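K.L.:
fold the following, please.
(one chain, ligands or ions: 1)
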Amino acid sequence: MILLTGGTGFLGGSFYMDAVRNGTAEDYLLLVRGPNEAACRARLASNLARHSDPETAKAAASLCAILPGDLQSLATSPDPRLDAVSHIVHIAADTSFDSRHSVWQINVDGTLALAARARRMKHLKRFLHIGTAFCCGEAPHLEMVHEAPPPPTGTAHIVEYTRSKAAAEMALASGFPELPLVVARPSIVVGHSKLGCQPSSSIFWFFRLVDHTGVLPCSPNGFIDIVPVDWTSARLHDLLRKPDLKHSLYHVSAGWGSRTTWAAFEAAFAQQGHDGVRPYTFFDRDDPQGWRLFSAAYRDRFTKRDALNRTMSVGARKYHRFTAQDIAFDNTRLLAEGFEAPPLFADFLGPCLANPGTSISEQFLEDAGSFEFDESLAKVPA
Ligand SMILES: NC(=O)c1ccc[n+]([C@@H]2O[C@H](COP(=O)([O-])OP(=O)(O)OC[C@H]3O[C@@H](n4cnc5c(N)ncnc54)[C@H](OP(=O)(O)O)[C@@H]3O)[C@@H](O)[C@H]2O)c1
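P.N.:
Model (predicted):
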């Protein structure tokens, strides 16, 4: 039996749909938050519908076994099905950029509760933990980052989320050395190479905003590491299944070969006929004048002074701190295992723009909760 956490999320939904397609969904036990099995299946089906259609999703959600509950409840869970688990895919996390407390409760305490229960799983062969490549902290500029243990807790991080993910990896390594742990660290997972943003428009709104404003705190020679969710989830299946992996830590990333230079980013949006301001203006992230330039461009392009646009501007500045690093994550280890190479951003930008074809502000709503925006107040401009 394979225990999957995070099946109601973006990456976990894609991962589970892969299992449905490859005929292994019945081997899965999904941990889902909800009061009972029926409610959990309904929540799962509603997420899977974004990765397929409502009918397929309902059928898919009925194939697996369900364990209602949250990560924190696992340490003491007496459910006997957990004793039969041979593989764990731990995708669940609090990915909020604004939370200071719950990221620690869920990403660290929740992961350790799962690990404590895993210790008692006699048949466990692999514990695939999903980290994040950005657990490296706020990295030096223009770098290809290589897999390495997470940096010490005091390292600078842009958001508490990445610090908590680094802490979770450290706690797993030091507290549970006997577990058959493999860590997969995705870079920036955006869109789906065929379904576009139907599964989620998380982060994609920001890339559109970059093109729409045309001002960014990066180097003209810089780059960014973007991978689509279907390629990422397929690599997680590879990492779960391959018995003789050479390493216990992998970036699941675009790497050198498929990183997106800002020149390629700009050209790809131009080719799709997106409403952008080009050529882009680049400024130094430490230059306050540059940020003034960004604010002016933002006001120009998002003219309404409402709560949604104000929150989106806060979100954009936070994401810009990530892009300003101009970094990508080396994926030599992953490719050396013989796994499929990632596609280029330009190859899946078209589907992302076409589906569902909504405005930048509407797409931002997917992430707005992460910046403490009250969605009940949202009046989305058409
Ligand atoms: N998306 C990216 O760009 C990216 C990049 C690098 C790494 N990652 C990593 O990939 C993983 C998935 O990210 P995502 O973007 O798919 O996130 P997501 O869409 O926000 O999904 C998070 C999932 O975790 C579940 N979850 C949260 N707290 C839980 C708890 N206490 N107990 C049980 N389940 C809980 C959520 O369940 P509910 O539905 O009940 O809330 C949901 O299924 C995370 O580990 C993240 O750190 C993501």
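
K.L.:
wait, residue 153 sits on residue 163?
P.N.:
Yes. With contact defined as C-beta atoms under 8 Å, residue 153 counts as touching residue 163 (7.0 Å). C-beta here means a position set from N, CA and C on the backbone, and glycine is covered the same way.

K.L.:
more neighbours: which of those two?
P.N.:
residue 163 (25 against 12; other C-beta atoms under 10 Å).

K.L.:
phi first, then psi, for that one.
P.N.:
Here is the backbone geometry of residue 163 (degrees, to the nearest 10): phi -60, psi -40.

K.L.:
doesn't residue 151 make contact with it?
P.N.:
No. Applying C-beta under 8 Å, one finds residue 163 not in contact with residue 151, separated by 9.7 Å.

K.L.:
which neighbours do those two share?
P.N.:
Shared contacts of residue 163 and residue 151 (C-beta atoms under 8 Å, 6 or more residues apart in numbering): 135, 137.

K.L.:
which residues touch residue 75?
P.N.:
Going by C-beta under 8 Å, 6+ apart, residue 75 touches 112, 113, 114, 116, 117.

K.L.:
would you double-check that it falls in a helix?
P.N.:
Yes. Per DSSP: H, G, I helix; E, B strand; the rest coil, residue 75 lies within a helix segment.

K.L.:
mind checking pLDDT for residue 374?
P.N.:
In the predicted model, residue 374 carries a pLDDT score of 64.

K.L.:
so how many other residues sit close to the closest residue to the ligand within the chain?
P.N.:
When scored by C-beta to the nearest ligand atom, the chain has residue 9 as its residue closest to the ligand, at 2.1 Å. Per other C-beta under 10 Å, the neighbour tally for residue 9 reads 19.

K.L.:
so it is in contact with residue 106, correct?
P.N.:
No. If you go by C-beta under 8 Å, residue 9 and residue 106 don't touch, sitting 11.9 Å apart.

K.L.:
mind listing the shared neighbours of the two?
P.N.:
Overlap of the contact sets of residue 9 and residue 106 (by C-beta under 8 Å, 6+ apart) consists of residue 92.

K.L.:
of the contacts of residue 75, grab the buried ones for ChimeraX.
P.N.:
Entered in ChimeraX, the line below selects the buried ones among the contacts of residue 75, by 16 or more other C-beta atoms under 10 Å:
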select :112,113,114,117
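
K.L.:
out of the contacts of residue 75, which are inside helices?
P.N.:
Secondary structure from DSSP state H places 112, 113, 114, 116, 117 of these in helices.

K.L.:
any chance of those residues in JSON lines, plus pLDDT and distance to the ligand?
P.N.:
Output for these, formatted as JSON lines (pLDDT from 0 to 100; distance: C-beta to the nearest ligand atom, whole Å):
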{"residue": "112", "pLDDT": "98", "distance to the ligand": "12"}
{"residue": "113", "pLDDT": "97", "distance to the ligand": "9"}
{"residue": "114", "pLDDT": "98", "distance to the ligand": "9"}
{"residue": "116", "pLDDT": "97", "distance to the ligand": "14"}
{"residue": "117", "pLDDT": "97", "distance to the ligand": "13"}
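
K.L.:
contacting residues for residue 241?
P.N.:
Contacts for residue 241 (C-beta under 8 Å, 6+ apart) come out as none.

K.L.:
now the helices for the stretch 151-300 of the chain?
P.N.:
In the stretch 151-300 of the chain, the helices defined using DSSP state H, counting those that start in this stretch lie at 160-175, 204-213, 229-241, 255-258, 262-271, 288-301.

K.L.:
could you give the angle of the second one to helix 262-271?
P.N.:
When you say that, I think you mean helix 204-213. 90 degrees (axes from the mean of the first three to the mean of the last three C-alpha atoms, to 10 degrees).

K.L.:
any idea of the mean pLDDT for helix 204-213?
P.N.:
Averaging pLDDT along helix 204-213 gives 98.

K.L.:
that helix close to the ligand?
P.N.:
No. Contact of helix 204-213 with the ligand is not found when judged by C-beta under 6 Å from any ligand atom; the minimum separation is 10.3 Å.

K.L.:
next up, the contacts around the residue at minimal distance from the centre of the chain.
P.N.:
Centroid-nearest residue in the chain, with C-alpha atoms, centre = their mean: residue 189, separated by 4.8 Å. Shown in contact with residue 189 (C-beta under 8 Å, 6+ apart): 10, 11, 203, 227, 228, 229, 232.

K.L.:
how many residues are close by the fourth one?
P.N.:
The criterion is other C-beta under 10 Å. On that basis, residue 227 has 28 neighbouring residues.

K.L.:
state the distance from it to residue 254.
P.N.:
With distances taken as C-beta to C-beta, to the nearest Å, residue 227 is found 5 Å from residue 254.

K.L.:
grab the nearest non-local neighbour of the residue lying farthest from the centre of the chain.
P.N.:
No residue in the chain sits farther from the centre than residue 289, which is 31.7 Å out by C-alpha atoms, centre = their mean. In this structure, residue 289 finds its nearest non-sequential neighbour in residue 283, 7.3 Å apart by C-beta to C-beta, 6 or more residues apart in numbering.

K.L.:
my read: the one you found touches residue 293, true?
P.N.:
Yes. With contact defined as C-beta under 8 Å, residue 283 reaches residue 293; the gap is 6.1 Å.

K.L.:
common neighbours of those two, please.
P.N.:
residue 215.

K.L.:
hmm, stretch 126-146 in reach of the ligand?
P.N.:
Yes. Shown here: stretch 126-146 in contact with the ligand (C-beta under 6 Å from any ligand atom) through 130, 132.

K.L.:
enumerate the positions of that stretch that are buried.
P.N.:
126-139, 144-145.

K.L.:
to the chain's geometric centre, what's the distance from that stretch?
P.N.:
In this view, stretch 126-146 has its centroid 12 Å away from the chain centroid, taken as C-alpha atoms, centre = their mean, to the nearest Å.

K.L.:
just the C-alphas of it, formatted as PDB.
P.N.:
Extracted C-alpha coordinates of stretch 126-146, given in PDB (Å, rounded to 0.1, in the frame of the first residue of the first chain):
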ATOM      1  CA  ARG A 126      10.700   4.300   0.600                       C
ATOM      2  CA  PHE A 127       9.600   7.600   2.200                       C
ATOM      3  CA  LEU A 128       9.500  10.200  -0.600                       C
ATOM      4  CA  HIS A 129       9.500  13.600   1.100                       C
ATOM      5  CA  ILE A 130       8.600  16.600  -1.100                       C
ATOM      6  CA  GLY A 131      10.700  19.600  -0.100                       C
ATOM      7  CA  THR A 132      11.400  22.800  -2.000                       C
ATOM      8  CA  ALA A 133      14.500  23.800  -4.000                       C
ATOM      9  CA  PHE A 134      14.200  27.300  -2.300                       C
ATOM     10  CA  CYS A 135      15.000  25.700   1.100                       C
ATOM     11  CA  CYS A 136      18.500  26.900   0.200                       C
ATOM     12  CA  GLY A 137      17.500  30.400   1.500                       C
ATOM     13  CA  GLU A 138      17.900  33.700  -0.200                       C
ATOM     14  CA  ALA A 139      20.700  32.600  -2.500                       C
ATOM     15  CA  PRO A 140      23.500  34.500  -4.100                       C
ATOM     16  CA  HIS A 141      22.700  36.100  -7.500                       C
ATOM     17  CA  LEU A 142      23.000  34.400 -10.900                       C
ATOM     18  CA  GLU A 143      23.700  30.900  -9.600                       C
ATOM     19  CA  MET A 144      23.100  27.300 -10.500                       C
ATOM     20  CA  VAL A 145      22.200  25.900  -7.100                       C
ATOM     21  CA  HIS A 146      23.300  22.300  -6.500                       C
END
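
K.L.:
much appreciated, bye for now.
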